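Colleague: What follows is a predicted protein model with its sequence.
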Amino acid sequence: MTNVIEAEDVRRTYAGGFEAVTGITFSVAAGEIFALLGTNGAGKTSTVELLEGLARPSAGTVRVLGHDPYAERSAVRPRIGVMLQEGGFPSDLTVTETVRMWAGCTTGARPAGEALEMVGLGGRSRVRVKQLSGGEKRRLDLALALLGRPEVLFLDEPSTGLDAEGRRDTWELVRGLRDAGTTVLLTTHYLEEAEALADRLAIMHRGRIVTAGTPAEVTAERPARIRFSLPEGVPAGRLPLTLRAAATGRRVEIRTHGLQDALGELLLWARETGVRLEGLDARAASLEEAFLEIAQDERNETVGV
Ligand SMILES: Nc1ncnc2c1ncn2[C@@H]1O[C@H](COP(=O)(O)OP(=O)(O)OP(=O)(O)O)[C@@H](O)[C@H]1O
């Protein structure tokens, strides 16, 4: 499959010498949704800006649709759509006027009504931008990014400020675009969003990519967890030795890479000994846990542990 986005050993140093992106390599294939996740200040926006051609890397190479997005901006810009974190429109214009104004600077723009329908703003076309809610403004940002029928769509935190329904609508729309062949690169703080949308993702931390792969690959490295409480008078020491259990009072937590076997063994033991496992909860590792572990490492490093 062809790679639509390629970043190789990319670095970005700001004036003053701070290196926000410290050598990252990744690629995004045609028709793929790729999510960049990371703690605050990890370098996601600094990276996406390089892909959008807004700045030039201090080292390494960036290619979008086979071109250098900074040096060959005119070849790349008409083929990409960019949804920024803050649209910053003139607030006295109506929604339709804003879209038309933007369409004037866009090659091959969709009709304004079509772009607004796509993001669920069809009924708000005559409303002034300043009267829109935060979530509606985000959708307007998205409509503008979609205007030029982009082959590559960059979404910086697309669902920030949206309610649960708006978020799901946006996910549906992004999946639909992907299914129609659009390549999507998004940054997000919502792990649920990355899990639901991304074909592949990378977790960034302090300017580096710490882990990357499909959501299933990223979580597969982490152990699953079984939790329950033992009844009074049954110490955790009575559990089978093969189950590596950690107990706090009556609460027990087992971490395992073999969830099915460990759970089977636990349930067999409970039945044979007649012990009731209160509040039994078994779950596979989630992206959230993978992410929190990385964020935790950050705190450890910061305090020098
Ligand atoms: N213009 C700039 N000059 C100097 N440092 C900057 C500049 N812009 C960003 N930084 C720093 O670069 C680092 C990465 O910032 P960036 O905005 O890329 O992170 P992010 O992962 O997008 O964070 P967030 O999730 O908070 O949006 C941060 O430490 C930030 O303070």
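Modeller: On my side now, so go ahead.
Colleague: residue contacts, Gly166?
Modeller: By CB atoms under 8 Å, 6 or more residues apart in numbering, the contact list for Gly166 reads Gly120, Gly135, Arg138, Arg139, Ser159. Backbone N, C-alpha and C define where each C-beta goes, glycine included.
Colleague: at 6 Å instead, please
Modeller: If a contact means CB atoms under 6 Å, 6 or more residues apart in numbering, then Gly166 has Gly135 as its contacts.
Colleague: Tell me the secondary structure at it.
Modeller: Three-state call for Gly166 (DSSP: H, G, I helix; E, B strand; the rest coil): helix.
Colleague: What distance do you get for it to Gly120?
Modeller: 8 Å (CB to CB, to the nearest Å).
Colleague: Tell me what Thr256 is bridged to.
Modeller: Ala224 (DSSP bridges).
Colleague: okay but it is in contact with Ala262, surely?
Modeller: Yes - in this structure, Thr256 is within contact of Ala262 by CB atoms under 6 Å, at 4.2 Å.
Colleague: what's the burial count for Pro150?
Modeller: 20 (other CB atoms under 10 Å).
Colleague: Ile254 now?
Modeller: A count of nearby residues for Ile254, using other CB under 10 Å, gives 23.
Colleague: List of residues touching stretch 226-235?
Modeller: Contacts of stretch 226-235 with the rest of the structure, by CB under 6 Å, 6+ apart, involve 250-254, 275-282.
Colleague: Go again with 7 Å.
Modeller: Residues outside stretch 226-235 that contact it (CB atoms under 7 Å, 6 or more residues apart in numbering) are 236, 250-254, 262-263, 266, 275-282.
Colleague: Could I get the buried residue list for it?
Modeller: Ile226, Phe228, Ser229, Leu230, Val234 (16 or more other CB atoms under 10 Å).
Colleague: bridging residues for the third one?
Modeller: Yep, that's Ser229 we're talking about. Under DSSP bridges, the beta-bridge partners of Ser229 are Arg251, Glu278.
Colleague: ok so, going back, make a ChimeraX selection of the buried ones in the contacts of stretch 226-235.
Modeller: Selection of the buried residues among the contacts of stretch 226-235 in ChimeraX, burial being defined by 16+ other CB under 10 Å:
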select :236,250,252,254,262,263,266,275,277,282
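Colleague: How about the residues of this protein by the ligand?
Modeller: Residues of the chain lying close to the ligand by CB under 6 Å from any ligand atom are Tyr14, Phe18, Ala20, Gly38, Asn40, Gly41, Ala42, Gly43, Lys44, Thr45, Ser46.
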